[in-house]
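1. Provided below for reference: sequence and predicted model.
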Amino acid sequence: MKKSLLITASLATALLSFPGCNPPGQKSAGDAKTAGAGTPAARTYVAPGDKDEYYLFYSGGHSGQVYVAGIPSMRHISTIPVFAPYPATGYGFDEETKKMLGDYSWGDVHHPGLSKKDGLYDGRFLFVNDNANNRLARISLTDFKTHQILGPIPNSSGNHGSSFVTENTEYVLVASRFSVPLPKGRYADPKDYEKEFNGMVSGIKVDPQSGEMSVGWQILTPPFDWDLGSTGKGPSDGWAFWTSYNTEMAHETLEATSTQGERDYAAVVNWRAAEVAVKEGKITLLDGVPVIDPAKVPGVLYFLPIPKSPHGIDTDPSGRWIAAGGKLQPVASVFDFNKILAAIEKKDFESEFRGVPVIRYESVLEGSVPVGLGPLHTQFDGRGNAYTSLYIESVVTKWKLPPWTAEEKADLNKVVLDKIDVHYNIGHLVVGGSDTKKPYGDYLVAMNKLSKGRHLSVGPSQPESSQLIDVTGQKMAMLYEAFTEPEPHFAQIIKADAVNAIEVYPKADNKHPHAVWEAKDTGIVRNGNKVEVKMMAIRSRFIPDRIDTQEGDELTIHITNVEQTTDMIHGIGIIEQNMNVVIDPGETKTLKVKMTKTGVFPFYCTNFCSALHQEMQGYLTVKPAPVAETAAK
Ligand code: K7E
Ligand code: CUA
């Protein structure tokens, strides 16, 4: 009884306190809030009609998609289909997106990366990787749509170690998770793994104007399994880092065989030196890509020993401190990039592996912070603090970055500042802007692998849980718990006002050669067995709304949604033709159907668009082919 009274009281406080801190007319609820004030309920509450302060873009893992939520409400706002067809937006049905998807109907998105200018998010693009089919995609934040899918990238297998964006979006950097015989398509027996298999680091060039990606160059590596990476900034601009979890070069029962060594090698890549090597022609072409052999081109690649099967490796906002989590030991290893540079200059190497210098570990390690069990990833708040996810412990640990006092250095337990429980088995975590020079530093989202029934039961396929944590105070504070479909790995957070999205495609910008804007320009043209339709969709009709074809015809429809009003979306679904395309205001899409079935096939608008939406329909007729023609076939 007493307990329920307490709950009521705190809820009342939350509700009562709210109108005061969010005056009417306030556009963004977030502007009125500081993460540190009020009860958790009040701090995440975004009133109906108000908007969130941040976008959260999180990877949809093997759903092949990207989810968009708002912070602090954690409300899911949108799903951006990338590597998989998505009937809700008609993605993968029209010719343009079908072509982008190519032969694949799934992907495995792990690490979204926002485009940057001068080390800060510029709000233009979001890049995402496909771990499964070695691809990279570019989403434009102008329309929140996928505009390019690059790949499968030649000579690269298992695109897990990306999308890591350089300080001015010169490159999205990629490292291969799996090693294979190169070039791809060549057979070799996995028992000859060490000799025949290779990994690769790839520089994917980004056109500064259009954002168009292309494969710039690659660096050949031993067959380690490259894992997570990050790009440098400030003093480490021009460099990038990846951990590896299989320096043992095992190819079977990795759980045991790849965990033998005390240390695995991280890759320390000087991508500006790689650019120079390509310019000077110090490359061989492999599957059409300039490939650099680091044994022949010194200065491009170094190895850095990191203890105990590391996973995440993250560069702090200053660009000087690099934190790596060793999954099998309870510390985060912190390296000083200035010391790494000095070691390289002095050739302070402990050995060499296949012609690549191994930097002396003791010379560059700043310290091992006892963060707890199973450290994976680290994020930064820009106030000198780091936050490491502990998979085994189900905890986020807050700790203080160097420089440390002599006293702290003598006992690094002293730099561990706080721990908070998360539910359960956290993978990645994200602090807004952590990979930029100026993190926002107020919210942290913990992306937990297991939710263990902390939700209404939905059967054995359980969702993932994401928890919103306030990191403005000395102590972290749990604010909210949201559930998502599988499976968020990493995420990016960007201030809402840094993104300028359009709400309609302006008619003037529509360059589709078959766009039509008035009824008089619509029509149907037959050319042999090809039937081409220019159609418009307008509340509440398709023009034309009757299409006559014959068995064996190839039907092409170019459909333009002529609306210039926000949220006036039309769709065209054709019954029993497996065709479903959604057209946003001002957009033109092309769809193709081969007429293999005879009969009459209704088509209709799939997106509720007006009071007479239900009437927005038409007929596609398919006459049997003339008998003579059928006989001839
Ligand atoms: Cu740790 Cu693919 Cu980044 Cu999942 S990875 S957690
Ligand atoms: Cu157009 Cu419904």
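-> Okay, I see it. Ligands and ions are numbered 1, 2, ... in the order given.
2. chain center to stretch 321-331: distance?
-> 23 Å (CA atoms, centre = their mean, to the nearest Å).
3. Are it and ligand 1 in contact anywhere?
-> No: contact of stretch 321-331 with ligand 1 (CB under 6 Å from any ligand atom) is absent, the minimum separation being 9.3 Å. The way it works is simple: take the backbone N, C-alpha and C, and place the C-beta from them, glycine included.
4. residue contacts, the closest residue to ligand 1 within the stretch 1-150 of the chain?
-> Taking CB to the nearest ligand atom as the measure, the stretch 1-150 of the chain has H110 as its residue closest to ligand 1, at 3.8 Å. Counting by CB atoms under 8 Å, 6 or more residues apart in numbering, H110 touches S59, G61, N129, N131, H160, H489, F490.
5. What's the local residue count around the closest residue to ligand 2 within the stretch 351-500 of the chain?
-> Nearest residue of the stretch 351-500 of the chain to ligand 2, counting by CB to the nearest ligand atom: E485, 26.7 Å away. When neighbours are counted by other CB atoms under 10 Å, E485 registers 15.
6. My understanding was that it contacts E464; is that so?
-> Yes: between E485 and E464 there is a contact under CB atoms under 8 Å: 7.5 Å.
7. Overlap in contacts, these two.
-> With CB under 8 Å, 6+ apart, E485 and E464 have no common neighbours.
8. Show me what the helix or strand V278 falls within is packed up against.
-> Following DSSP states H and E, the helix or strand that holds V278 is helix 271-279. Helix 271-279 sits against strand 197-206, strand 213-221, strand 289-292, with contacts defined as 3 or more CB pairs under 8 Å, 6 or more residues apart in numbering; DSSP states H and E.
9. try 10 Å this time
-> strand 171-178, strand 197-206, strand 213-221, strand 239-244, strand 289-292 (3 or more CB pairs under 10 Å, 6 or more residues apart in numbering; DSSP states H and E).
10. After it, which helix or strand is next?
-> strand 284-286.
11. roughly how far is that next one from the heart of the chain?
-> 29 Å.
12. Neighbouring strands - and their directions - for it?
-> strand 289-292 (antiparallel) (DSSP bridges).
13. Between strand 213-221 and the helix or strand just after the partner strand, find me the angle.
-> Counting by DSSP H and E, the next helix or strand C-terminal to strand 289-292 is strand 301-307. Here the directions of strand 301-307 and strand 213-221 differ by 70 degrees (axes from the mean of the first three to the mean of the last three CA atoms, to 10 degrees).
14. Just give the number of residues close to whichever residue of the chain sits closest to ligand 1.
-> Per CB to the nearest ligand atom, G427 is where the chain lies closest to ligand 1, at 2.8 Å. As a burial measure, G427 scores 22 neighbours (other CB under 10 Å).
15. pretty sure it is in a strand, no?
-> Yes: counting by DSSP: H, G, I helix; E, B strand; the rest coil, G427 is part of a strand.
16. circling back to that earlier point, will you turn the contacts of H110 into JSON lines that also has distance to ligand 1?
-> Listed next are those as JSON lines, based on distance: CB to the nearest ligand atom, whole Å:
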{"residue": "S59", "distance to ligand 1": "8"}
{"residue": "G61", "distance to ligand 1": "8"}
{"residue": "N129", "distance to ligand 1": "9"}
{"residue": "N131", "distance to ligand 1": "7"}
{"residue": "H160", "distance to ligand 1": "6"}
{"residue": "H489", "distance to ligand 1": "4"}
{"residue": "F490", "distance to ligand 1": "5"}
